[in-house]
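Participant: The following comprises the amino acid sequence and a computationally predicted model.
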Amino acid sequence: MLFKNKKEFKVDSQLSHIAFIMDGNGRWAKKRGLPRKVGHKYGAEAFEQTVRNCHKIGIKTVTVYAFSTENWSRPQEEIDAIIDLMRKYVEEAYKYNDIRVIFIGDKSPLPEDLKNRMIDLENSTRNCINTLNIAFNYGGRAEIVNACNELIKEGKNSITEKDINNHLYTKASPDPDLIVRTANEFRLSNFLLWQCAYSELYVTKALWPDFDMKELLKAVESFYKRNRKFGGLSNQ
């Protein structure tokens with residue numbers, strides 16, 4: 001490992017934002033002969049711990065892919081379990097005093113009680129130092145379409161990259177430096193399609209409920225071994 005003293009390790013300014021595609025909850029449960037919703041419960045615990053671990057090592061912004069616009073096609077029992085877990089997290093998140101929570105995605109189809117609590121949590125944490133973006137009912141293509149429609153409503157006749165950046169759900173955050181996907185899946189699945197233009201990608205075989213500090217540091221170590229050129233040359 002690059003990081004000999006893991007307990008005291010802190011990232012530098014090269015790594016300010018990690019995004020996670022939290023995959024493998026259902027497979028984790030199936031391997032143990034359990035219902036898929038149990039996998040989501042343990043996945044929720046891994047999510048909370050991973051957010052704390054990221055902030056512990058100095059990562060200011062974390063984004064997680066919790067529920068996609070395509071996930072509505074899953075069995076209703078599983079959808080209900082995920083929504084109930086989000087209700088529980090929202091209530092618990094009020095206890096934290098150092099994390100700004102932003103829900104990225106379309107809130108309109110969500111139950112009214114959950115939607116109102118999400119908005120209230122966003123407002124009550126807006127002055128916190130660290131940021132957690134939770135992608136819920138989120139799709140990267142839908143996000144770009146939404147940004148363009150907002151610009152049309154504003155009367156824009158031509159659109160720049162800056163215009164789109166300023167109308168994305170993630171407008172309050174820098175683009176992710178690193179995108180981590182668990183469960184050995186090598187695709188973005190409609191996640192942060194605009195923002196990931198120069199993100200480094202890291203895939204691990206670990207299923208999401210098994211993602212811990214050791215796995216996080218493996219991903220961070222991989223990031224620091226990369227040569228980020230942003231379209232330029234190595235010697236620049």
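Facilitator: Thanks, I have it. These figures come from a predicted structure and were not determined experimentally.
Participant: Can you classify the residue nearest the centre of the chain by secondary structure?
Facilitator: The chain has residue 64 as the residue nearest its centroid, 1.8 Å off, counting by CA atoms, centre = their mean. What DSSP: H, G, I helix; E, B strand; the rest coil gives for residue 64 is strand.
Participant: Not counting sequence-adjacent ones, nearest residue to it?
Facilitator: residue 20 (4.9 Å; CB to CB, 6 or more residues apart in numbering). Backbone N, C-alpha and C define where each C-beta goes, glycine included.
Participant: strands paired with the helix or strand hosting that neighbour, and their directions?
Facilitator: Element membership for residue 20 (DSSP states H and E) is strand 17-21. Taking DSSP bridges as the criterion, strand 17-21 sits next to strand 61-68 (parallel), strand 178-181 (parallel) in its sheet.
Participant: show me the contacts for the nearest residue to residue 205 once chain neighbours are set aside.
Facilitator: Counting by CB to CB, 6+ apart, the nearest residue to residue 205 once its immediate chain neighbours are dropped is residue 184, at 4.5 Å. Neighbouring residues of residue 184 by CB atoms under 8 Å, 6 or more residues apart in numbering: 203, 204, 205.
Participant: Filter the residues you listed down to the buried ones and express that as a PyMOL selection.
Facilitator: Only the buried entries of the contacts of residue 184 go into this PyMOL selection, using 16 or more other CB atoms under 10 Å:
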select buried, resi 203+204
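Participant: returning to that earlier point: okay if I get the strands paired with strand 17-21 as TSV plus distance to residue 164?
Facilitator: Converted to TSV, those look like this (distance: least, CB to CB, whole Å):
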stretch	distance to residue 164
strand 61-68	18
strand 178-181	19
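Participant: Which one of the ones you listed lies nearest to residue 34?
Facilitator: strand 61-68 (20.1 Å; CB to CB).
Participant: which residues are contacting that closest one?
Facilitator: Strand 61-68 is contacted by residues 16-22, 47, 50-51, 54-55, 82, 86, 104-105, 130-139, 170, 173-174, 176, 189-192 when judged by CB under 8 Å, 6+ apart.
Participant: Now which of those residues would you call buried?
Facilitator: Buried among the contacts of strand 61-68 by 16+ other CB under 10 Å: 16-22, 47, 50-51, 54-55, 82, 86, 104-105, 130-139, 170, 173, 176, 190-192.
Participant: got any ranges where the chain has weak pLDDT?
Facilitator: Applying pLDDT under 70 to the chain flags the ranges 1-8, 233-236.
Participant: any chance you could map the strands in it?
Facilitator: Here the chain has its strands, by DSSP state E, at 17-21, 61-68, 99-104, 130-138, 178-181, 200-203.
Participant: Just checking the distance from the last one to the centre of its chain.
Facilitator: If I follow you right, that is strand 200-203. 14 Å (CA atoms, centre = their mean, to the nearest Å).
Participant: One more: stretch 99-119?
Facilitator: 15 Å.
Participant: What of stretch 153-166?
Facilitator: Stretch 153-166 sits 25 Å away from the centroid of its parent chain (CA atoms, centre = their mean).
Participant: for stretch 173-186, same thing?
Facilitator: On CA atoms, centre = their mean, the centre of stretch 173-186 falls 8 Å from the chain's centre.
Participant: swap in stretch 38-48?
Facilitator: How far stretch 38-48 lies from its chain's middle: 14 Å, per CA atoms, centre = their mean.
Participant: What ranges does this structure have for its helices?
Facilitator: Applying DSSP state H to the chain gives helices spanning 25-31, 36-56, 76-93, 112-124, 140-153, 161-165, 213-224.
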